[in-house]
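K.L.:
Sequence first, predicted model second:
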Amino acid sequence: SSRWSDHARPVERFMNRELMSQMEARKKLEPCILEIEKYGTGVGKVAYEKVIKTALRPMPDGTEIEVPVTLRDGAVVDSVSFGRFLMPLSATSPQTAPWCGEEHSLSPYEVAGLEESGFFKPGTLKKLEAWVVKGQQSATGVENKFRQSQEALEGRKPVWPNLIDWVEIWLGFNVDGGTSNKEIVVHYHRPSRTLLSVRYNWHDDLRRPYRTGVYFPIEHRWTGIGICKQNEQFQRELTTQHRQRLDNATLANMRMIKISKLSGYKPDEPIFPGKMWFVDDMTHVDTFQLGEVYNSAFNNEQATLMYSERRTGVNDTILGATVQGTPGTATGDLARIQEGGKKFDYAYGNIKTFVSELILDTAVTVAQFGPRRWEYYDTVEGGQYVKEFFSAPVELIRNNLLVELRAAGQQQN
């Protein structure tokens, strides 16, 4: 609406500062975007964090006092390793899935810190310690299995594992026996069957923090296909052909000398350019090679490379390479570039949609919990417009009814 037209530019400046400077969104999202391009699927999340640490400050009388220092307070964006993300294959979105979540691995020291901060239930560390002492550690990895076998052979008391694995699950569950499910968040240690914490979904719009993006989608699946998967069979074929061609050329270049027993050759006979051999028969000394270079080997490799380029959409025009033969017109090159870029525009659009969802989640999180620096509202030009925007109901921000928030691209800003 025209009433919110004055808010657009200040909100844009605020989101740029919050995402790029305060949250370091580009660095945090690079891993999941690379997973999208390479493997086809990436997962990102937006959450709220508040980190407070205690500092000691000397007083004039020589004593020291404890002063709480807030290091971080606000929205955070991060990548989730695709191998650690949990969601049913039949689901299409984390927001509509029966459940979704991720696996975490923390040291006992970090678990103790989460318990002290109230993130885990009181007594969590003692319960896990009792489970470890009983020798019931999970042997999910090679390191754990080796350690457990050594402890059994030596009769030693089990020690704390290097890392404690636990899962974070967001799901709908009937917690009170009512008529409907409630959105809850569960932190669970599966090996010991310990509930670390159970909470209701604290987001105003009951969203789950995860968003998924794909490079090229698969029908009726939330996973996608990336460049590596598209090129997998051609990569193996090209590697095999390339090695065969090099091995064949190596053998073809290995010239050896065949010598008749009657040629007068002696052991350790020196061989050098210009050496003269005096033989009774011209067939007594001759050279031969183990293999021959075949042009078809290189042609087959180039044919496979063409199939790979067609599958992945890479060609000389897209790469900016020089055209072989008679160059075409500038108009023809431009038309080929535009046509060849359509597939990349489609993949880029998928990634842009994925990032836009995370940006919108960031805005909703800021509206609920506030910015990282509240001083922004009173010190920066246009701060009052930003404050008014984030004071609006979450539904209006979520549905882009006030100001449309999305990632800027090459064609549209």
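P.N.:
Cool, the structure landed.
K.L.:
Tell me where the model's unsure across the protein.
P.N.:
In the prediction, the chain carries residues with pLDDT under 70 at positions 1-2, 133-148, 157-161, 315-330, 332-333, 336-337, 339-341, 409-413.
K.L.:
tally of neighbours for residue 164?
P.N.:
For residue 164, the count of nearby residues is 23 (other C-beta atoms under 10 Å). Where you see a C-beta, it was placed from the backbone N, CA and C, and this is true even at glycine.
K.L.:
Specify the beta-bridge partners of it.
P.N.:
Legend: beta-bridge partners of residue 164 under DSSP bridges are residue 106.
K.L.:
Surely it touches residue 106?
P.N.:
Yes: with contact defined as C-beta atoms under 8 Å, residue 164 reaches residue 106; the gap is 5.7 Å.
K.L.:
who's sitting farthest from the centroid in this structure?
P.N.:
residue 280 (73.2 Å; C-alpha atoms, centre = their mean).
K.L.:
where along the protein do the strands fall?
P.N.:
Residue ranges of the strands in the chain, as given by DSSP state E, are 41-58, 64-80, 85-86, 99-106, 164-173, 182-189, 194-200, 210-214, 216-217, 224-225, 255-259, 285-289.
K.L.:
Let me have the ones you listed in CSV, adding distance to residue 25 as columns.
P.N.:
Conversion of the strands of the chain to CSV gives the following (distance: least, C-beta to C-beta, whole Å):
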stretch, distance to residue 25
strand 41-58, 9
strand 64-80, 5
strand 85-86, 19
strand 99-106, 19
strand 164-173, 21
strand 182-189, 23
strand 194-200, 26
strand 210-214, 13
strand 216-217, 24
strand 224-225, 22
strand 255-259, 61
strand 285-289, 60
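K.L.:
which stretch among those strands comes nearest residue 373?
P.N.:
The closest approach between residue 373 and any of those, judged by C-beta to C-beta, belongs to strand 64-80 at 8.0 Å.
K.L.:
could you pull out the helices for the stretch 201-350 of the chain?
P.N.:
According to DSSP state H, counting those that start in this stretch, the stretch 201-350 of the chain carries its helices in the segments 227-230, 232-252, 295-312, 316-319, 330-369.
K.L.:
From the structure, what's the count of residues near residue 96?
P.N.:
Around residue 96 sit 9 other residues, with neighbours defined as other C-beta under 10 Å.
K.L.:
returning to what we had before: deepest of the strands of the chain, which one?
P.N.:
Taking mean count of other C-beta atoms under 10 Å as the contact definition, the stretch among the strands of the chain with the greatest mean neighbour count is strand 210-214, which reaches a mean of 24.
K.L.:
which strands and helices sit next to that strand?
P.N.:
Packed against strand 210-214, as judged by 3 or more C-beta pairs under 8 Å, 6 or more residues apart in numbering; DSSP states H and E, are the following elements: helix 25-39, strand 41-58, strand 224-225, helix 330-369.
K.L.:
Adjacent strands (with direction) for the shortest one?
P.N.:
In this case it means strand 224-225. Here strand 224-225 has these sheet partners by DSSP bridges: strand 216-217 (antiparallel).
K.L.:
Centre of the chain to the strand it pairs with, how far?
P.N.:
Remark: strand 216-217 is offset 16 Å from the chain centroid, using C-alpha atoms, centre = their mean, to the nearest Å.
K.L.:
ok, now stretch 48-55?
P.N.:
Averaged over its C-alpha atoms, stretch 48-55 has a centre that lies 27 Å from its chain's centre (C-alpha atoms, centre = their mean).
K.L.:
Need the CA coordinates for that stretch. CSV is fine.
P.N.:
The C-alpha atoms that make up stretch 48-55 are tabulated as CSV, following Å, rounded to 0.1, in the frame of the first residue of the first chain:
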residue,chain,number,x,y,z
TYR,A,48,16.9,-17.0,17.6
GLU,A,49,19.9,-17.2,20.0
LYS,A,50,21.0,-15.3,23.1
VAL,A,51,24.5,-15.9,24.4
ILE,A,52,25.5,-14.3,27.7
LYS,A,53,28.9,-14.8,29.3
THR,A,54,30.2,-13.6,32.7
ALA,A,55,33.2,-11.3,32.9
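K.L.:
Roughly how far does residue 244 sit from residue 235?
P.N.:
Distance, residue 244 to residue 235, using C-beta to C-beta, to the nearest Å: 15 Å.
K.L.:
The residue farthest from the centre of the chain is in contact with residue 262, isn't it?
P.N.:
Yes: the pair residue 280 / residue 262 is scored as a contact, 6.7 Å apart, by C-beta under 8 Å.
K.L.:
Give the intersection of the neighbour lists for those two.
P.N.:
Contact criterion C-beta atoms under 8 Å, 6 or more residues apart in numbering; no residue bridges residue 280 and residue 262 by contacting each.
K.L.:
if we can go back for a sec, now the helices of the stretch 201-350 of the chain as a markdown table including mean neighbour count and distance to residue 101?
P.N.:
Supplementary listing: the helices of the stretch 201-350 of the chain in a markdown table, determined by neighbours: other C-beta atoms under 10 Å; distance: least, C-beta to C-beta, whole Å:
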| stretch | mean neighbour count | distance to residue 101 |
| --- | --- | --- |
| helix 227-230 | 16 | 25 |
| helix 232-252 | 14 | 29 |
| helix 295-312 | 14 | 33 |
| helix 316-319 | 14 | 39 |
| helix 330-369 | 16 | 17 |
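K.L.:
who wins for proximity to residue 155 among these?
P.N.:
Set against residue 155 and scored by C-beta to C-beta, the helices of the stretch 201-350 of the chain come closest in helix 227-230, at 47.5 Å.
K.L.:
Now do stretch 229-243: distance to the chain's middle.
P.N.:
Averaging C-alpha positions (C-alpha atoms, centre = their mean) puts stretch 229-243 24 Å from its chain's average.
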